[in-house]
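Undergrad: kindly return the folded structure for what I paste below:
(one chain, ligands or ions: 1)
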Amino acid sequence: MIAIILAGGASSRFGSPKAFASINGEVFYKKIKKTLNQTNLFEKIVISSSESLQYSFDKDDQVVVDLADYKNNGPLGGIYSVMHAYESECYFVIACDTPKITEKAISHLYQFYISRVMEEQLEIAGYEAQNHKMPTLAFYSYHVKEDIKQALDNKHYRMSEIYQNKPAQWLNVDVVNDQSNWFQNINYVEDLKNE
Ligand SMILES: Nc1nc2c(ncn2[C@@H]2O[C@H](COP(=O)(O)OP(=O)(O)OP(=O)(O)O)[C@@H](O)[C@H]2O)c(=O)[nH]1
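TA: Numbers count the residues shown, from 1 in each chain. Sure thing, here's the model as predicted:
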């Protein structure tokens, strides 16, 4: 299974590339990579990024630059570019601005996904908080690859374009019995002030 850390956005609200911001002394993308490694679920952890940021990561990081046809197309362009580069039955997608993600939360979602993928032909399993779906914190089967390509070719760049048209289920974040807000998106520098 392949994990995709999405890190090719403009970070316009944050003001500098979020992947390299720090939380409690740890760089966002490195902290996520460490957590992903701890789960032992992934044979490969790939960073999905842009041409301009590709050399800012460590030498031993595996970076896939958005395909020329799909650059600046948002997360879908990044996800598709990795799916195009590496074949897998299943992909876990996580945004680089969710640095507090835990091993427990990923493992829990994986169990949920895997228990439904055969019987219910589930293709997407993600988390939701207060009815807000988090498609950049979700497992995707390889079946969605062609749908993503079609959406991008039709200039439909919203993630809802995919999850509203494919079998998808969402787990409430409260199922992970953890007092921390591990699922929080950091969009602004101020979001870090209580850390
Ligand atoms: N590879 C890739 N990742 C992207 C792209 N656009 C957004 N992302 C990533 O997708 C995730 C969600 O995107 P946003 O929350 O909108 O982040 P952003 O676009 O960097 O931030 P804003 O400019 O403030 O909206 C983040 O991890 C981004 O790095 C893209 O074109 N390519």
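Undergrad: may I see the buried residues of stretch 155-169?
TA: Residues of stretch 155-169 classed as buried by neighbour count (16 or more other Cβ atoms under 10 Å): Met159, Glu161, Ile162, Tyr163, Lys166, Pro167, Ala168, Gln169. Placement of C-beta: from N, CA and C, glycine included.
Undergrad: what separates that stretch from the chain centre, distance-wise?
TA: Stretch 155-169 sits 15 Å away from the centroid of its parent chain (Cα atoms, centre = their mean, to the nearest Å).
Undergrad: repeat that for stretch 91-106.
TA: Chain-centre distance of stretch 91-106: 7 Å, with Cα atoms, centre = their mean.
Undergrad: turn the buried residues of stretch 155-169 into TSV, including secondary structure.
TA: TSV is the format used below for those (DSSP: H, G, I helix; E, B strand; the rest coil):
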residue	secondary structure
Met159	coil
Glu161	helix
Ile162	helix
Tyr163	helix
Lys166	coil
Pro167	coil
Ala168	strand
Gln169	strand
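Undergrad: which one of these is nearest the ligand?
TA: If you rank these by distance to the ligand using Cβ to the nearest ligand atom, Met159 comes first, at 9.0 Å.
Undergrad: helix or strand right after the longest helix belonging to the chain?
TA: For the chain, the helix with the greatest residue count under DSSP state H is helix 103-117. Per DSSP states H and E, the first helix or strand lying C-terminal to helix 103-117 is strand 124-129.
Undergrad: list the neighbouring strands of that following strand plus their orientation.
TA: The pairing partners recorded for strand 124-129 under DSSP bridges are strand 132-141 (antiparallel), strand 168-172 (parallel).
Undergrad: contact partners of the shortest one?
TA: Strand 168-172 is contacted by residues 108-109, 112, 116, 120, 122-129, 133 when judged by Cβ atoms under 8 Å, 6 or more residues apart in numbering.
Undergrad: redo those residues as a markdown table? Include pLDDT and neighbour count.
TA: Formatted as a markdown table, the contacts of strand 168-172 follow (pLDDT from 0 to 100; neighbours: other Cβ atoms under 10 Å):
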| residue | pLDDT | neighbour count |
| --- | --- | --- |
| His108 | 96 | 18 |
| Leu109 | 97 | 22 |
| Phe112 | 95 | 19 |
| Arg116 | 90 | 15 |
| Glu120 | 87 | 10 |
| Leu122 | 95 | 19 |
| Glu123 | 96 | 22 |
| Ile124 | 97 | 22 |
| Ala125 | 97 | 25 |
| Gly126 | 98 | 23 |
| Tyr127 | 98 | 27 |
| Glu128 | 97 | 18 |
| Ala129 | 94 | 16 |
| Lys133 | 97 | 18 |
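Undergrad: in CSV, list these along with distance to Pro75.
TA: Formatted as CSV, the contacts of strand 168-172 follow (distance: Cβ to Cβ, whole Å):
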residue, distance to Pro75
His108, 22
Leu109, 18
Phe112, 21
Arg116, 23
Glu120, 25
Leu122, 20
Glu123, 17
Ile124, 13
Ala125, 17
Gly126, 12
Tyr127, 15
Glu128, 17
Ala129, 18
Lys133, 13
